[in-house]
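Q: Okay, structure incoming, though there's no sequence with it:
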């Protein structure tokens, strides 16, 4: 038992009530074992005449019964804390729960005067008293309650925890029964100590469920606990603290400085909150608590004060304090959120809008997170089913008056969410890595369309396919595209790849290398959204783009008189380098005349056509191109 305690404290993690009860059980069993051992040692030294050894033996036996009587109620309390039932009850409730044990303690502690629990016949022979059965009845009552709790919450408990608790009960029952029948066979304490070690290893020493740096539970355990509590229909609160500029500090300071800061924050949260604390990400700390909304709001106020205190500042750098910016999300479960994965994502959608100090998020912010997680699941299913649609928006060539080009645009329609706009799901896909799968699906659907319909018969020379910068980080994008084209008998001359202006191809060696691999396959490129990102003319010329797509923002800006002037000058400049300019967003005759006069030679927009499904698009180019040039009939 002593070895068990030493091992426990050498690996101890800063958890709360449950571990405190476990510590009480360990020390209870340690001193119970010591008192039983000393009492047994006194057997050959006692005498009917009552000597000092008799008094030592009776004292140790009383301590044994006093401590052992508390073992069953402490174990029952530990079980309800393992499944967090105990968090929903007050300290007064715990006292009521333990009151039968406390009453029995009175009988045990007064036993030297009454002999009701045990006595020594002729001062030597241990004899059970008439009230000893009360101890077994009390233990049986608490064990019955424990079994009922384990059965009631069998779907809530983790497998390891349930196994350890059932083994403890089984071992204890076996030891009690054997020792009750064979009083001389001291098996009960051995069985209890052995099974307690199992609980320590399977429940308390959960290395796979704890954060290595802070010792609190990790993201896996946070999601698992929420799944169990939601499944058991409990009501509770979740508080998520997001350290918004943590990653900026990560690039500025030594790792040990940040570790110390995170440890201090976690310890402060443990000390000042009521519930279980988790570190669910490098820069996120969560709490599962049964506190009400008001208490959680009070915690937010305390945390704000703590943020502004000198305790939290990383250090003094040239006499300047560097405090953190943070946000706190407070949600009621299951009233506001019913999905554990949404709870784990709280705070993730505001990383691009960091505000100084502490921001407390309310219901409207939570709805955004719920929408985001729902869309991630929709995207996963759409990727699995390849259910994305590809629409085509015709691009008019001013030089030939033909629609000889089109842009392939991905569309997503979900039975539950309806049409989801690309501007909503594409950023999510780029953040979670799904964009590579979506890009592959779109590219293959475009190649299949070209193979099955042969649109070149109606004057279509090429299709613009969007290429995310994230696809250029993947080693096999060029191989993937080549294999798909070979499968459908499509050539790279029939597809032109679009990259956005925000993707600088010169800044990253990996991106640049993969870009060159695609060029060697024969692909040409268009620069999309020119005028909104970070590109300059040097990059435009250096990367030898075939088309420059002028963003619709300047064209649609009618409030600023300089916008159209700047647009005209930009188009003129690009055309001087003999690059084709595709003007996006043309919707009116006035806009068409403006960009044509400026020199744009390819036009895309609702003035000619909205994006069309494959069948409607094919009919469109066939009818318009044939009427312009009968050779395409």
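A: Happy to help now that I have it. The structure displayed is predicted, hence computed values, not measured ones. Residues are numbered from 1 along each chain as shown.
Q: pretty sure residue 395 is in a strand, no?
A: Yes - under DSSP: H, G, I helix; E, B strand; the rest coil, residue 395 sits within a strand.
Q: who does it bridge with?
A: In this structure, residue 395 bridges to residue 405, residue 604 when assessed by DSSP bridges.
Q: which residues touch it?
A: Residue 395 is in contact with 403, 404, 405, 406, 407, 464, 582, 602, 603, 604, counting by CB atoms under 8 Å, 6 or more residues apart in numbering. The C-beta positions use only the backbone N, C-alpha and C, and glycine is treated the same way.
Q: Report the separation between the fifth one and residue 604.
A: It refers to residue 407. For residue 407, the distance to residue 604 equals 7 Å [CB to CB, to the nearest Å].
Q: cool, and the second one?
A: Computed with CB to CB, the distance linking residue 404 and residue 604 is 12 Å.
Q: okay, those two: which has more neighbours?
A: Remark: of residue 404 and residue 604, residue 604 carries more neighbours, 26 against 23, as counted by other CB atoms under 10 Å.
Q: Does that one touch residue 584 like I think?
A: Yes - taking contacts as CB atoms under 8 Å, residue 604 lies within contact range of residue 584: 5.2 Å.
Q: Spatially central residue for this structure, please.
A: Nearest to the mean C-alpha position of the chain, counting by CA atoms, centre = their mean, stands residue 344 at 3.6 Å.
Q: My guess is that residue contacts residue 223. True?
A: Yes - with contacts counted by CB under 8 Å, residue 344 reaches residue 223, the gap being 5.7 Å.
Q: Need the contacts of residue 395 in TSV (columns: pLDDT and distance to residue 336).
A: Conversion of the contacts of residue 395 to TSV gives the following (pLDDT from 0 to 100; distance: CB to CB, whole Å):
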residue	pLDDT	distance to residue 336
403	96	50
404	94	53
405	96	48
406	97	44
407	97	40
464	96	43
582	94	46
602	96	49
603	96	48
604	96	43
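Q: Identify the farthest-apart pair in these.
A: Farthest pair in the contacts of residue 395 (CB to CB) is 464 and 603. Separation: 13.5 Å.
Q: neighbour count winner among these two?
A: The neighbour comparison of residue 464 against residue 603 (other CB under 10 Å) goes to residue 464, with 26 against 23.
Q: Backbone dihedrals for that one, please?
A: phi -80, psi 120 (degrees, to the nearest 10).
Q: Distance of it relative to residue 528?
A: Applying CB to CB to residue 464 and residue 528 gives a distance of 8 Å.
Q: try residue 289
A: Using CB to CB, residue 289 is found at 48 Å from residue 528.
Q: the more surrounded of these two?
A: Of the pair residue 289 and residue 528, residue 528 is the one with more neighbours under other CB under 10 Å, namely 26 against 21.
Q: which residues touch the helix or strand containing the more buried one?
A: Taking DSSP states H and E as the definition, residue 528 sits inside strand 524-530. If you take CB under 8 Å, 6+ apart as the criterion, strand 524-530 is touched by 464, 466, 492, 496-502, 515, 519, 535, 540, 543-551, 570, 574, 582.
Q: Please work out the average pLDDT along that strand.
A: Strand 524-530 shows a mean pLDDT of 85.
Q: Relative to it, what are the paired strands and their orientations?
A: By DSSP bridges, strand 524-530 pairs with strand 495-500 (parallel), strand 547-550 (parallel).
Q: lowest-confidence helix or strand of this structure?
A: Between all helices and strands in the chain, the lowest mean by mean pLDDT, DSSP states H and E belongs to strand 316-317, at a mean of 44.
Q: before we move on, the earlier item: the residue nearest to the centre of the chain should be in a strand, yeah?
A: No - counting by three-state DSSP, one finds residue 344 to be helix, located in no strand.
Q: Can you name the residues that contact it?
A: Residue 344 neighbours (CB under 8 Å, 6+ apart): 219, 222, 223, 280, 286.
Q: Could you rerun that using 10 Å?
A: The neighbours of residue 344, taking CB atoms under 10 Å, 6 or more residues apart in numbering as the test, are 219-220, 222-223, 226, 238, 240, 278, 280-281, 284, 286, 369, 373.
Q: Redo those as CSV? Include neighbour count, distance to residue 434 and pLDDT.
A: What follows is the contacts of residue 344, written out as CSV (neighbours: other CB atoms under 10 Å; distance: CB to CB, whole Å; pLDDT from 0 to 100):
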residue, neighbour count, distance to residue 434, pLDDT
219, 16, 20, 89
220, 14, 22, 86
222, 27, 23, 91
223, 17, 20, 89
226, 26, 24, 89
238, 27, 26, 93
240, 25, 23, 92
278, 30, 26, 93
280, 25, 21, 91
281, 20, 19, 88
284, 23, 22, 92
286, 29, 25, 94
369, 23, 18, 75
373, 21, 13, 81
